[in-house]
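Novice: fold the following and give me the result.
(4 chains)
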There are 2 protein chains.
Amino acid sequence: MEQMDPLDQIDPRTRILDAAEELFYGRGIQAVGMDAVRAASGLTMRRVYQHFPAKDELVEAYLRRRDARWRASLAVHVARAGGTPREQVLAVFDWLGRWFAEPGFRGCAFVNSFGELGATSPAVAAAARHHKAEFAGYLAGLVDAVGAPPATAAQLALLAEGAITVAAVHGDPAAAAEARAAAALLLDAAAPVRS
Amino acid sequence: MEQMDPLDQIDPRTRILDAAEELFYGRGIQAVGMDAVRAASGLTMRRVYQHFPAKDELVEAYLRRRDARWRASLAVHVARAGGTPREQVLAVFDWLGRWFAEPGFRGCAFVNSFGELGATSPAVAAAARHHKAEFAGYLAGLVDAVGAPPATAAQLALLAEGAITVAAVHGDPAAAAEARAAAALLLDAAAPVRS
DNA sequence: CGCCAGTGAGAACGATCGTTCTCACCTTGG
DNA sequence: CCAAGGTGAGAACGATCGTTCTCACTGGCG
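Specialist: Just a heads-up that it's a prediction; the model follows:
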């Protein structure tokens, strides 16, 4: 009866990305060597380089997957929240608050990687721009459903970005609630409940 | 008549910090080697290490000086703007807009360094926290003079942080105007003009 | 069985970086 | 004039990192 580590079942590519995400996000990209990724993934160096021929490609794959998952998780939460369009917009900030409270939360992976590598890696800079643009677009759709103008969506996006930054630097999830309250005020000002 | 480069007049420590600030802020800290700082400062390696015995200390000195200058520049601009307390609060966002439009603007040096080194360097993390706390405190003072509650100050801080991030990632200074408009709405909601 | 393509494990290589050392030179005080 | 200490310029050193190579081994296929 040989041992059957359940991890052995998992696609090696996924294991590498899992290890890379935890390490890159938690410590910063340049602070993590390929050997640390190899060790955390439980694979050999050869295998790691078979799937990602260079660290750059692993970094880009990490950012791509994280972007997709992050936005999908947000969209699922908002959709499940249901309620009025206005409540859906506010649900975005509830979701942020839960994210901020997760152990290991360290801010936006894209802002962090942009600050670290954006000046030297066009791919990383583009990934950050793409992520922020997609988030802003998603938020704009929600805000439009409320009947508020696009300018309000841009303002709510600033609140969300600011909340992420402040929560990260201060390690305090309360920023989400502050941003939510401000968002509610801005929505009221831009799309007042008709009387 | 020997050559007298005016740079020779400047305090070596200042020249090192000037070089370090331009390089660290523009490219990221880990992406800049001590030799690049030496070359940009026009000094010898020996001299650089005489003033900053390790790169860590140069990084911390860079962050300390940038924090002091950044906040002083903001305070001077706001003070010169004069006007009502409300106008002073909004002047913060005007100042941000000018900063965003400067060539080489690449976001908040403290957020960038926090993302890059905050997880491994407690000193860098503390510098970022300190900078953000000082800015929030300054803003709270201005908001208090308007007669709005501290919660409003926290909300305006989120707007400012978000504007910095968005302006950096998208390279678009318009975020300052959006944040300013949102700030005006939040101020109106929290401290309405008495009629 | 015998061959070979592919693997695991880790050493090796070349580049980079932070930091220190060498050494010739200059200054300055006795 | 000479000894002593500091300086400029850059080489040297040790560590780390991204990437590749070695080599013994294995499993499948003719």
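Novice: could you use CA atoms for every contact and neighbour count after this?
Specialist: OK.
Novice: how close does A:R38 sit to B:L142?
Specialist: A:R38 sits at a distance of 51 Å from B:L142 (criterion: C-alpha to C-alpha, to the nearest Å).
Novice: now A:F100
Specialist: Distance from A:F100 to B:L142, by C-alpha to C-alpha: 28 Å.
Novice: buried sites along the host helix or strand of A:A91?
Specialist: Taking DSSP states H and E as the definition, A:A91 sits inside helix A:85-101. Buried residues in helix A:85-101, counted by 16 or more other C-alpha atoms under 10 Å in any protein chain shown: A:85-86, A:88-97, A:99-100.
Novice: do stretch A:13-24 as well
Specialist: Buried, per 16+ other C-alpha under 10 Å, within stretch A:13-24: A:15-21, A:23-24.
Novice: of these, which pair is most distant in space?
Specialist: Distance extremes for the buried residues of stretch A:13-24: the farthest pair is A:R15 and A:F24 at 13.9 Å, using C-alpha to C-alpha.
Novice: now do the most centrally placed residue in chain A against DNA strand D, distance only.
Specialist: The centroid of chain A falls nearest to A:W70 when counting by C-alpha atoms, centre = their mean (4.4 Å). In this structure, A:W70 and DNA strand D are 25 Å apart, going by C-alpha to the nearest atom of the strand, to the nearest Å.
Novice: quick one: contacts for that residue?
Specialist: By C-alpha atoms under 8 Å, 6 or more residues apart in numbering or on different chains, the contact set of A:W70 is empty.
Novice: now swap in A:L185 and tell me
Specialist: Counted by C-alpha under 8 Å, 6+ apart, A:L185 has contacts B:186, B:189.
Novice: could you do A:H170 as well?
Specialist: Applying C-alpha under 8 Å, 6+ apart, the residues near A:H170 are B:R129.
Novice: quick check: domain ranges of chain A?
Specialist: A:1-53, A:62-190 (automatic domain parsing).
Novice: turn those into TSV, columns for mean pLDDT.
Specialist: Shown next, in TSV, are the domains of chain A (pLDDT from 0 to 100):
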stretch	mean pLDDT
domain A:1-53	88
domain A:62-190	97
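Novice: nearest to B:F110, of the ones you listed?
Specialist: domain A:62-190 (9.2 Å).
Novice: which members of the buried residues of stretch A:13-24 additionally contact DNA strand C?
Specialist: Filtering the buried residues of stretch A:13-24 for proximity to DNA strand C by C-alpha under 7 Å from any atom of the strand leaves nothing.
Novice: write out the residues of chain A neighbouring DNA strand D.
Specialist: By C-alpha under 7 Å from any atom of the strand, the residues of chain A that approach DNA strand D are A:30-35, A:45-46, A:49, A:53-56.
Novice: got a markdown table for those, with secondary structure too?
Specialist: What follows is the residues of chain A next to DNA strand D, written out as a markdown table (DSSP: H, G, I helix; E, B strand; the rest coil):
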| residue | secondary structure |
| --- | --- |
| A:Q30 | coil |
| A:A31 | coil |
| A:V32 | coil |
| A:G33 | coil |
| A:M34 | helix |
| A:D35 | helix |
| A:M45 | helix |
| A:R46 | helix |
| A:Y49 | helix |
| A:P53 | coil |
| A:A54 | coil |
| A:K55 | helix |
| A:D56 | helix |
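Novice: among those, name the buried ones.
Specialist: The buried subset of the residues of chain A next to DNA strand D - by 16+ other C-alpha under 10 Å - is A:31, A:34.
Novice: closest one to A:F135 out of the residues of chain A next to DNA strand D, please.
Specialist: Ranked by distance to A:F135 (C-alpha to C-alpha), the residues of chain A next to DNA strand D are led by A:D56 at 24.0 Å.
Novice: may I see the residues of chain A next to DNA strand D arranged in CSV, with distance to DNA strand C as well?
Specialist: Output for the residues of chain A next to DNA strand D, formatted as CSV (distance: C-alpha to the nearest atom of the strand, whole Å):
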residue, distance to DNA strand C
A:Q30, 11
A:A31, 12
A:V32, 14
A:G33, 11
A:M34, 10
A:D35, 9
A:M45, 5
A:R46, 5
A:Y49, 10
A:P53, 13
A:A54, 13
A:K55, 13
A:D56, 15
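Novice: just checking: which of the residues of chain A next to DNA strand D also lie near chain B?
Specialist: A:Q30 (C-alpha under 8 Å from any C-alpha of the partner chain).
Novice: what sits against A:E60?
Specialist: So A:E60 contacts A:123-124, A:127 (C-alpha under 8 Å, 6+ apart).
Novice: from A:A123, how far out is it?
Specialist: For A:E60, the distance to A:A123 - C-alpha to C-alpha - is 7 Å.
Novice: do the same with A:R106
Specialist: From A:R106 to A:A123 the distance is 22 Å (C-alpha to C-alpha).
Novice: what does A:A39 give?
Specialist: Separation of A:A39 from A:A123 (C-alpha to C-alpha): 26 Å.
Novice: pick out whichever of the two has more residues nearby.
Specialist: Higher neighbour count among A:A39 and A:A123: A:A123, with 17 against 13, using other C-alpha atoms under 10 Å in any protein chain shown.
Novice: helix or strand for that one, which one?
Specialist: helix A:122-146.
Novice: is any part of that helix close to chain B?
Specialist: Yes: on the criterion C-alpha under 8 Å from any C-alpha, helix A:122-146 is in touch with chain B at A:125, A:128-129, A:132.
Novice: on that earlier part again, can I get the buried residues of helix A:85-101 in JSON lines including distance to DNA strand C?
Specialist: Listed next are the buried residues of helix A:85-101 as JSON lines, based on distance: C-alpha to the nearest atom of the strand, whole Å:
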{"residue": "A:P85", "distance to DNA strand C": "50"}
{"residue": "A:R86", "distance to DNA strand C": "49"}
{"residue": "A:Q88", "distance to DNA strand C": "46"}
{"residue": "A:V89", "distance to DNA strand C": "44"}
{"residue": "A:L90", "distance to DNA strand C": "44"}
{"residue": "A:A91", "distance to DNA strand C": "43"}
{"residue": "A:V92", "distance to DNA strand C": "40"}
{"residue": "A:F93", "distance to DNA strand C": "39"}
{"residue": "A:D94", "distance to DNA strand C": "40"}
{"residue": "A:W95", "distance to DNA strand C": "38"}
{"residue": "A:L96", "distance to DNA strand C": "35"}
{"residue": "A:G97", "distance to DNA strand C": "36"}
{"residue": "A:W99", "distance to DNA strand C": "33"}
{"residue": "A:F100", "distance to DNA strand C": "32"}
